[in-house]
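*Asks:* Could you work out the structure for the sequence below:
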Amino acid sequence: MDPLVLVTHQPASGTTVGCRGGGSDAIREFIERRQPVLAVSGHIHEAAGQDTVGNCTLVNPGPFHSGSYAEIEIDAGKVKNVRFIML
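*Replies:* You can find the predicted model right below:
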């Protein structure tokens, strides 16, 4: 079975990538229930970074308009490497 990857605009609540109450409780609940291997979000530019919920790696690459993005390697159904890049 292929790994589940979640891509959303808003991040999960209660995480460093969804700081100061800016995250979604519904997205957090989905991650806890379905346990995707990776959840990528944006929305909160100052919360660029990485966190985890259970076995799910959360990534907010930061604002692309400022040259920020992330390269994420998934191998054997697990996130192996997250690299943050600033142009």
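*Asks:* Which parts of the chain are strands?
*Replies:* Ranges of strands in the chain, per DSSP state E, are 5-7, 38-40, 49-53, 56-60, 68-75, 78-86.
*Asks:* what angle sits between the fifth one and strand 56-60?
*Replies:* Which is strand 68-75. Here the directions of strand 68-75 and strand 56-60 differ by 160 degrees (axes from the mean of the first three to the mean of the last three C-alpha atoms, to 10 degrees).
*Asks:* Dig out what Asn81 forms beta bridges with.
*Replies:* Beta-bridge pairing for Asn81 (DSSP bridges): Glu73.
*Asks:* Now do the same contact list for Gln35.
*Replies:* Contact analysis of Gln35 by C-beta atoms under 8 Å, 6 or more residues apart in numbering lists 4, 54-56. Using the backbone N, CA and C atoms, a C-beta is placed for each residue, glycine as well.
*Asks:* Who wins on neighbours among these?
*Replies:* Cys56 (21 neighbours; other C-beta atoms under 10 Å).
*Asks:* In this structure, where is pLDDT below threshold?
*Replies:* Within the chain, the stretches with pLDDT under 70 are 20.
*Asks:* circling back to that earlier point, tell me the one among the contacts of Gln35 nearest to Gly23.
*Replies:* Of all those, Cys56 has the smallest distance to Gly23: 13.6 Å, by C-beta to C-beta.
*Asks:* Stretch 19-39 spans what distance, first to last residue?
*Replies:* End-to-end span of stretch 19-39 (C-alpha to C-alpha, to the nearest Å): 16 Å.
*Asks:* go on, stretch 1-12?
*Replies:* One end of stretch 1-12 sits 25 Å from the other (C-alpha to C-alpha).
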